[in-house]
Structure formats: C-alpha cells, structure tokens
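Peer 1: just need the structure, nothing else, for what follows:
(chains A and B)
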Amino acid sequence: MRDLRSRLHDVVDVGETPPRGATATDDVLVEVLTARVRRRRGARAAAAGALGVATVAAVAWAGLAVGRGTAPAPPATQPAETAPTPTEAAADDRTIYVPDSLLACGEPVPPDLPVHPDLGLVVEAAASVPSGERVPWTLRWWSEADEPPDVLALDIQVAVVQDGVVVGSTQGLVTYDRGEPLPTSEAEALELSDATEAARCGLFRPLPAGEYSTLVVVTLVTADRETVRAAAPPRALTVTEARPRVLACGDLAPMDAPVDAAAPLTLDATTADTLDGDALTLTARVTSASVVDLAWQRRDAEVVLTRSGLVVATGRADLLPTEVAAGATAAGPEATVRLEPCDGQGLEPGRHEVWLHATFDPPGREPLEVLAGRWPVDVE
Amino acid sequence: MGEAAWAPVLERLVRERRPALVRYAALLTGGDLRDADDLVQGALVRTFGRGRPLREVAAAEAYVRQAVLRVFLDGCRRRRHWHGLRHLVGVPEAVPTATAAAEDGIDVRAALAVLRPRLRACVVLRYYDDLTVPEIAERLGLAPGTVKRYLSDAVAELEVLLGPLPDAHTEVVAVQEEER
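Peer 2: Below is the predicted model of the structure:
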C-alpha cells in the first residue's frame, strides 16, 4: 500500500525516458523552439511598439469591459504632451469597443459580407436539426499574417438565415485579460464550440421546418484596438419537423423509468424539493460504461413534470455534462428549467414527479433514448 | 533582454530537464508521452515567448510547469467538440480493477487517465506539486469547494483502480470532516 505522492514522484522523477519526436535530436529541437520563441517575441514586440506608452499599462489589466458602437480614439494616437498617465489610460482602456453587429434580426443579410485575407476562419455546423432544437457549431480561427496580432476580444455572431433575411441570431463575446497571440496555422487554430437556438428572433419560438443557412461573422479586436471582421461561408441548414416528445402533455408516465442493463449510459438527477413558481432547479448526472465526449452528441434534455401519472408540464434545458470517463459518473451544471404547464395556466399545488429524458446521437448509430425519474417535487 | 540572455536558458531546459518535464506533462495527458512532449514544447514557447526575464533554469522550469497546465487545459477546452469523437456506444474501454492493479502493477498514469481532465489537474497539483486547495483553486479558476469535491471524487476513483491511497484518503476525509 503506497501513497499517492510517492507514486507520482516516482513516475516523474525517475520514470522512463520520453521518446524523441520528429525533431530527433536535442540540437534540432533547441533550434526549432528557439525559432518559435523568437518569432513569438518578435510579434509581441511589434504590437507593443505600435501601441506606445499608454497601452503598455494595459498589459496589466485584470478585467475588461465591452462597449458597442464607435470607439474613442486610442490613447496611443494622442500627442505626447496630452497623453494620459498610465493609470488614467489603463482606466480608460478597460473598455473594449466592438463595432455594431453586422447581422440584425429581421433585416436582410448585407450583400457584401466582409472577408479578411489574414484571418483564417472555418465553421462547421450541423446540416440538419429538428425544429425546436439547437444548431451545434464549431468555429476555428487563426492568423495568416506574418506577424499575427494579439487579440483582446472576439465577437461571434451566429445567425440563421432564410431567403436572405436573418430569422434567428445569437451573439457571444470571448475576452482575454490581456492580449492573446493568434496561432499562425490552421493546425494550431483556436476553437470554440457551442449551439445556437433555432428560434425566431426575439420570440424564442422554434423555427418551422424548412431550408435555412447558418452564417457566422467574427469580429476581432486586437491589442492595438484595430477591428478585423470576417464572415465564414454560409452553411446549409435544414430544419426538420419537431421530434415527438417521449412524454408529451397528457401522456401517461410509466410507473418507473425503464431499466436497461445493456444501455451504455444511465441518467440520474438531484432535484429541488419544491418548485419556485414554474422554475425547477436540478443537477443531472450521467454514468457511462465507456469514455464519452457528450459535447456534440447530446441534445437538450427534456424535463417533464407529472401528477397522478399524467404529464402536466414540460421544459427543455442544456443540463448534461460534456464528458464522462469510463465507468464514471459526471454531473452537469446546476440548472434551472422553466416548465411550461400543459394547460397554459398554472400548476396545481401538491406533490408532483420529475422525469428527465435525454437523447444521444452516437455518430453513425441510432439515437439512444434515456429516461429517468421519478423524483418527487412539491408545488406550493 | 536580448536573445543572448534567454536562449541559453531555453537550451539548458531542453537538454537537461526535458525528460522530467515530459514525464510531468504525461501525468496530465494520461500517460501518452508523445502528447506530453507536444505539451511541453508548447509550454516552452509560451513561457519564453512572453518576454519574461528568464535567467535561471530552475525558475524558468517552474514557469514552464505552470504553462504545461495552462496549455493542457486550453487544449481540453479546444478538444471539447465533435472532432475525434469517441463512439458513444463503442466497446467500453478497459477499466482496470483494484485486483488487476495489484497483480499487474498498473501505472499510476493509467489510473490518472480515466479521470476527467480537471480532476486529473487537481490531483497533480495537490499530490505532486503540493499546492494547497486555495492555491489550486486560484490556478484553475475554480471555487475552493469545487476543488475539494474534485479531489474527493478523484481519490475515490483512483482508489478503485490503485487500491488504498493512505495519504490522499486521509486528507479527503479530513476535509470532509472539516466541512461538517
């Protein structure tokens, strides 16, 4: 019986000699790494040199604010005698200005979408989703420039477009505490994966079945306050008919969740004792027989409320974990789900039961439906 | 600071400390030494590319170890997408049992490999780097309570694979009792 500390130290301190990579010898590796470091240092020095004294203070920023619209003139462009002190400049510089969105809900897509020769941009998005479900996408970006700029913020707008008009849109912003160098090749590209609601602008109603496209516009704000904007080529998107709910309003719930011993995944949850209005707080857990990356495969889980065996309210939420190790249980984030009463009015006070249903899409295989429940919850 | 100052430090790190750095990184990569080697090279470039005045090999190595962790966690975030998906209903990966571990002398790295990346990072920072829970929380941008939970979960999973881990188990129990 040995303790963990000594086992870890044994592995690191007196372990095997790692294999040589493609670089073969230390001489070559030193040369390659030195060149990479020199290039990176050169890029940073070039960026800092262009910014001047005022922005050097910005390197120590702890946090950033974001504004939209026209940015004030950058401090570095002010004459030296009127330049703010570094402290003042740092305070002023805490706001990053991102230009107004290019794609507006209900508006036509501009005819000339921006492209930028130095910004590599690739979007992969689902080609088809059932109505009411989200459109998963992954964005990858990198620089093609010889001296890539450091980036302070990345504004990402994902729009669903039909007949040249934006019918659904979401927007997100990635910020860095300080300038982050862009990778210089597609192989090292930065990535972000998420999913966008396929819902009508502002209404959060599912888009009807039909042909759409997914369009992504990215705006980078560099350390010297330049904005670089580019759009990725649109991706075709088919919204199909909504998937039938496993437990729909008025359905009779099973006495207990079916147990399938052969299922590679099982669901479990911890729910609040009482409902807060129409909001239920719960934490879902997934147990798996094998290592599973759920980030792409999962869909939003359906939460169903039953009373006396009948479905009386339903909801949907992204509450599953993103990865499960082999033979392990992983918990998703604590989530609050808005439940929509089937009668469109309200829930009756008293004891109810919560059910959780999730569908997983293993690549190239039939979807896997998992149902779990019935956890008691009181409506006051 | 010109290249003449940092370049020899980088060279010495590569020549003298690379094997240990790669083995350290392999704790995070779950034992894959080639991935660990890539991780270390990325960390070296990130550390020396920052423009820090790195003159001492030991200090530089400490920075590189921190960068190894950041590069690893960044990589995990990047990989959280549909490239390279492992099949959901694929053949379950072999999970060694405690008995098998005892019989086969299973590598602690193989056991670490079954942990989720953040749990693995917590274990390495706590039981290899000897950081405190608040220090780990700060390093990983997590709440201290989350770190405690991760460590507790991780130790429980590791004990299934490696058998009893007296030091880790005692600490976890002590933390749980403190919270009561």
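
Peer 1: which strands or helices does whichever helix in chain B runs longest pack on?
Peer 2: Identified as the longest helix of chain B according to DSSP state H is helix B:57-79. Under the contact criterion of 3 or more C-beta pairs under 8 Å, 6 or more residues apart in numbering or on different chains; DSSP states H and E, helix B:57-79 touches helix B:3-12, helix B:18-29, helix B:33-49, helix B:117-127, helix B:133-140. Heads up, the C-betas are built off the backbone N, CA and C, glycines and all.

Peer 1: for A:Val135, find the nearest of these.
Peer 2: Nearest to A:Val135 among the helices and strands packed on helix B:57-79 is helix B:117-127 (26.5 Å), distances taken as C-beta to C-beta.

Peer 1: off-centre distance for the closest one?
Peer 2: On the basis of C-alpha atoms, centre = their mean, to the nearest Å, helix B:117-127 sits 5 Å off its chain's mean C-alpha point.

Peer 1: hmm, it touching chain A?
Peer 2: Yes - counting by C-beta under 8 Å from any C-beta of the partner chain, chain A has neighbours in helix B:117-127: B:123-124, B:127.

Peer 1: rewinding a little: same list (the helices and strands packed on helix B:57-79) but as JSON lines, adding mean neighbour count and mean pLDDT.
Peer 2: What follows is the helices and strands packed on helix B:57-79, written out as JSON lines (neighbours: other C-beta atoms under 10 Å in any protein chain shown; pLDDT from 0 to 100):
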{"stretch": "helix B:3-12", "mean neighbour count": "16", "mean pLDDT": "79"}
{"stretch": "helix B:18-29", "mean neighbour count": "24", "mean pLDDT": "89"}
{"stretch": "helix B:33-49", "mean neighbour count": "22", "mean pLDDT": "84"}
{"stretch": "helix B:117-127", "mean neighbour count": "24", "mean pLDDT": "90"}
{"stretch": "helix B:133-140", "mean neighbour count": "17", "mean pLDDT": "86"}
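
Peer 1: would you map out the domains in chain B?
Peer 2: Domains of chain B are assigned by automatic domain parsing as B:3-79, B:98-179.

Peer 1: on that earlier part again, buried set for the longest helix of chain B?
Peer 2: B:57, B:60-61, B:63-69, B:71-73, B:75-76, B:78 (16 or more other C-beta atoms under 10 Å in any protein chain shown).

Peer 1: which of these lies closest to A:Thr238?
Peer 2: Distance to A:Thr238 across those (C-beta to C-beta) is lowest for B:Arg78, with 28.1 Å.

Peer 1: returning to that earlier point: for the domains of chain B, give me CSV that also has distance to A:Asp155.
Peer 2: As requested, the domains of chain B are exported to CSV (distance: least, C-beta to C-beta, whole Å):
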stretch, distance to A:Asp155
domain B:3-79, 19
domain B:98-179, 22
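
Peer 1: please enumerate the strands of the stretch 251-380 of chain A.
Peer 2: Remark: strands assigned in the stretch 251-380 of chain A by DSSP state E, counting those that start in this stretch are A:265-271, A:279-288, A:292-293, A:301-307, A:310-317, A:323-324, A:329-331, A:335-338, A:340-341, A:350-360, A:368-379.

Peer 1: and the angle from the second one to strand A:350-360?
Peer 2: So that's strand A:279-288. 40 degrees (axes from the mean of the first three to the mean of the last three C-alpha atoms, to 10 degrees).

Peer 1: would you point out which residue is most central in chain B?
Peer 2: Taking C-alpha atoms, centre = their mean, the centroid of chain B lies closest to B:Leu28, which sits 3.3 Å from it.

Peer 1: how about it, nearest residue that isn't a chain neighbour?
Peer 2: B:Phe72 (4.6 Å; C-beta to C-beta, 6 or more residues apart in numbering or on different chains).

Peer 1: how does chain A divide into domains?
Peer 2: A:100-240, A:265-379.

Peer 1: count the residues that sit near A:Ser128.
Peer 2: 10 (other C-beta atoms under 10 Å in any protein chain shown).

Peer 1: my guess is it contacts A:Leu237, does it?
Peer 2: Yes - the criterion here is C-beta atoms under 8 Å, and A:Ser128 meets it with A:Leu237 at 7.2 Å.

Peer 1: so the residue nearest to the centre of chain B sits against B:Val40, correct?
Peer 2: No - counting by C-beta under 8 Å, B:Val40 is not a contact partner of B:Leu28; they are 10.5 Å apart.

Peer 1: who touches both of those two?
Peer 2: In the contact map built from C-beta atoms under 8 Å, 6 or more residues apart in numbering or on different chains, the residues linked to both B:Leu28 and B:Val40 are B:Val68.

Peer 1: run through the helices of the stretch 51-200 of chain A in chain order.
Peer 2: A:53-56, A:86-92 (DSSP state H, counting those that start in this stretch).

Peer 1: ok, of the ones you listed, where does mean pLDDT dip lowest?
Peer 2: If you rank the helices of the stretch 51-200 of chain A by mean pLDDT, helix A:53-56 sits at the bottom with a mean of 22.

Peer 1: how about A:Arg2, secondary structure?
Peer 2: Using DSSP: H, G, I helix; E, B strand; the rest coil, the structure places A:Arg2 in coil.

Peer 1: check contacts around it.
Peer 2: A:Arg2 makes contact with B:Leu165, according to C-beta under 8 Å, 6+ apart.

Peer 1: likewise B:Ala20?
Peer 2: Here B:Ala20 is in contact with A:12-13 (criterion: C-beta under 8 Å, 6+ apart).

Peer 1: could you redo the last one with a cut-off of 6 Å?
Peer 2: Contact analysis of B:Ala20 by C-beta atoms under 6 Å, 6 or more residues apart in numbering or on different chains lists nothing.

Peer 1: ok, back up a step: for chain A, state which of the residues of helix B:117-127 next to chain A is nearest.
Peer 2: B:Tyr127 (4.7 Å; C-beta to the nearest C-beta).

Peer 1: go ahead and confirm that closest one touches A:Asp3.
Peer 2: No - using C-beta atoms under 6 Å, B:Tyr127 makes no contact with A:Asp3, being 8.4 Å away.

Peer 1: coming back round to it: identify the residues contacting the longest helix of chain B?
Peer 2: Applying C-beta under 6 Å, 6+ apart, the contact partners of helix B:57-79 are A:191, B:9, B:12-13, B:17, B:25, B:28, B:39, B:42-44, B:46-47, B:54, B:117.

Peer 1: now the angle from it to helix B:133-140?
Peer 2: Going by the same axes, to 10 degrees, helix B:57-79 makes 60 degrees with helix B:133-140.

Peer 1: run a quick neighbour tally on A:Asp3.
Peer 2: Neighbours around A:Asp3, by other C-beta under 10 Å: 16.

Peer 1: quick check on it: phi, psi?
Peer 2: phi -80, psi 160 (degrees, to the nearest 10).

Peer 1: this completes my enquiry, with thanks.
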